[in-house]
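[1] Pasting the sequence and the predicted model now:
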2 protein chains.
Amino acid sequence: MSVTLYDLAGADPALRFSPYCWRTKLALAHKGLTVETIPWRFTDKERLAFSGQGKVPVIVDGERVVFDSWAIAEYLEVTYPDRPSLFGGPVGRAHARFINGWADSGLHPGIARMVVRDIYGVLAPQDQVYFRSSREAALGATLEAVVEGREQRVEAWRALLAPVRLVLRAQAFLGGEAPSYADHILFGTLQWPRCVSSFALLAPDDPVAAWFSRVGALYGGLGADARTV
Amino acid sequence: MSVTLYDLAGADPALRFSPYCWRTKLALAHKGLTVETIPWRFTDKERLAFSGQGKVPVIVDGERVVFDSWAIAEYLEVTYPDRPSLFGGPVGRAHARFINGWADSGLHPGIARMVVRDIYGVLAPQDQVYFRSSREAALGATLEAVVEGREQRVEAWRALLAPVRLVLRAQAFLGGEAPSYADHILFGTLQWPRCVSSFALLAPDDPVAAWFSRVGALYGGLGADARTV
């Protein structure tokens, strides 16, 4: 029996770009679970009513419904303890929660301010109306104004990846010699802009770019083979 | 037999403020090891010649000499596997390396620019000469000019702790329900300015301040009872 995942999609239903859904897809693959994804759009709120909230990722695993990428990772670890571990134990999980918070609070706002206009560009028409009005209200400017000057801002954003570079001097993955959910977290963060935009967030000679390719090649090339614009 | 630690000291030999030495002191206490500390000053380079380099922390454990706080933590974990774990396994250790890099690359530069003049103030006279000239060369300004305006900069620095606050919503320690070396890392980072300066880096109502008190109370109050200016 396979797990069902509601997965954010663009106008092209094969374009899947949510950082949180990517974390979940890699975690499911890490556990060796078969997944059936259902393309979902921002304005399909009522299709998630069964989950008691309105955001993806949501998974349905038999009778169980779980939402929120972090909660899903914890659920998978507890439910499938005999499959490859995502966290390597409670301390590994506790430390991964820090990395999750670091990516969300430290990296995501800067990425959004560089590619939010590109996200708008890939959305289905009904989502575009919702996305522009909700994001412009939150950001206090038009999407076009927000992304302006991103070429000048990308260097400062790249500097935020310094701790990742320090880690990669000593180990191939954030999880050590093998990938862990920490790798899924950061991969999801970086896959998001890659899928929606041709703007290069990583310099090609950045060790983080080599790591991104390594993680993209895992699980049969799940991340690397994703549809992009 | 106890472990010997060379520990950075001020003019007052009881004032011990190195963030890296604090990490090591907490890790040694976590392992339940008895420690004899030797006050060491920046200009005592030749007293560390036996270690093959010139920085503290350096520990001497029987025949073994180990330097660098991260290397010491790994050494203690491997050498004393039956004592309480610092990392909770290889994945926990790999993830802690990220937190170590995050603290060093993300938090330390901003702290230095707020308290470097206070550090100078607590040093022994021979260290003051060395410290002023080496730091002013590195920072490109006088110590007094570097710290100017710190009251305006501290809010932006506090924002860097956002991932810690996210973690503390869910768990009491960075290590989870109990402290791990990740807690020692961040505690060392924050103990450094606390020991040398009366400038308040943390707002009193910050959840990070409550966590700092919790960690300070561990190991018989090792951190909380430290000499401060």
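    Sure thing, it's come through.
[2] Residue A:54: what's its closest spatial neighbour, skipping adjacent residues?
    residue A:45 (4.3 Å; Cβ to Cβ, 6 or more residues apart in numbering or on different chains). Every C-beta, even on glycine, is put in place using the N, C-alpha and C of the backbone.
[3] Hmm, residue A:90 is touching residue B:176, no?
    Yes: applying Cβ atoms under 8 Å, one finds residue A:90 in contact with residue B:176, separated by 5.3 Å.
[4] Neighbour count: the two, which is higher?
    The neighbour count for residue A:90 versus residue B:176, taken as other Cβ atoms under 10 Å in any protein chain shown, is higher for residue B:176 (23 against 18).
[5] Flag the shaky bits of chain A, pLDDT-wise.
    Filtered on pLDDT under 70, chain A yields the residue ranges A:1.
[6] ok so residue A:7 is a strand residue?
    Yes: assessed by DSSP: H, G, I helix; E, B strand; the rest coil, residue A:7 belongs to a strand.
[7] And for it, the neighbour number?
    Residue A:7 has 24 neighbouring residues, counting by other Cβ under 10 Å.
[8] likewise residue A:170?
    Residue A:170 - counted by other Cβ under 10 Å - has 11 other residues nearby.
[9] my guess is residue A:37 contacts residue A:2, does it?
    No: contact criterion Cβ under 8 Å: residue A:37 and residue A:2 do not qualify, at 10.0 Å.
[10] Of those two, which one has the most company?
    Neighbour count, other Cβ under 10 Å: between residue A:37 and residue A:2, residue A:37 has more, with 19 against 11.
[11] Check the spacing between that one and chain B real quick.
    Separation of residue A:37 from chain B (Cβ to the nearest Cβ, to the nearest Å): 27 Å.
[12] To which secondary structure element is that residue assigned?
    Using DSSP states H and E, residue A:37 falls within strand A:35-40.
[13] ok, now how distant is residue A:108 from residue A:20?
    As judged by Cβ to Cβ, to the nearest Å, residue A:108 and residue A:20 stand 10 Å apart.
[14] what about the two, which has more around it?
    Just comparing residue A:108 and residue A:20: by other Cβ under 10 Å the higher neighbour count belongs to residue A:20, 22 against 13.
[15] For the more buried one, give me its contacts.
    A:56-57, A:68-69, A:188 (Cβ atoms under 8 Å, 6 or more residues apart in numbering or on different chains).
[16] Recalculate using a threshold of 10 Å.
    Contact partners of residue A:20, counting by Cβ atoms under 10 Å, 6 or more residues apart in numbering or on different chains, are A:7-8, A:55-57, A:67-70, A:72, A:104, A:185, A:188-189, A:192.
[17] same question, residue A:168
    By Cβ under 10 Å, 6+ apart, residue A:168 lies in contact with A:161, A:174, A:206-208, A:210-211, A:214, B:97-98, B:101.
[18] Export those residues as JSON lines, with columns for distance to residue B:227 and neighbour count.
    Listed next are these as JSON lines, based on distance: Cβ to Cβ, whole Å; neighbours: other Cβ atoms under 10 Å in any protein chain shown:
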{"residue": "A:161", "distance to residue B:227": "37", "neighbour count": "21"}
{"residue": "A:174", "distance to residue B:227": "37", "neighbour count": "28"}
{"residue": "A:206", "distance to residue B:227": "43", "neighbour count": "16"}
{"residue": "A:207", "distance to residue B:227": "41", "neighbour count": "15"}
{"residue": "A:208", "distance to residue B:227": "41", "neighbour count": "19"}
{"residue": "A:210", "distance to residue B:227": "46", "neighbour count": "13"}
{"residue": "A:211", "distance to residue B:227": "43", "neighbour count": "25"}
{"residue": "A:214", "distance to residue B:227": "47", "neighbour count": "17"}
{"residue": "B:97", "distance to residue B:227": "30", "neighbour count": "27"}
{"residue": "B:98", "distance to residue B:227": "31", "neighbour count": "25"}
{"residue": "B:101", "distance to residue B:227": "29", "neighbour count": "21"}
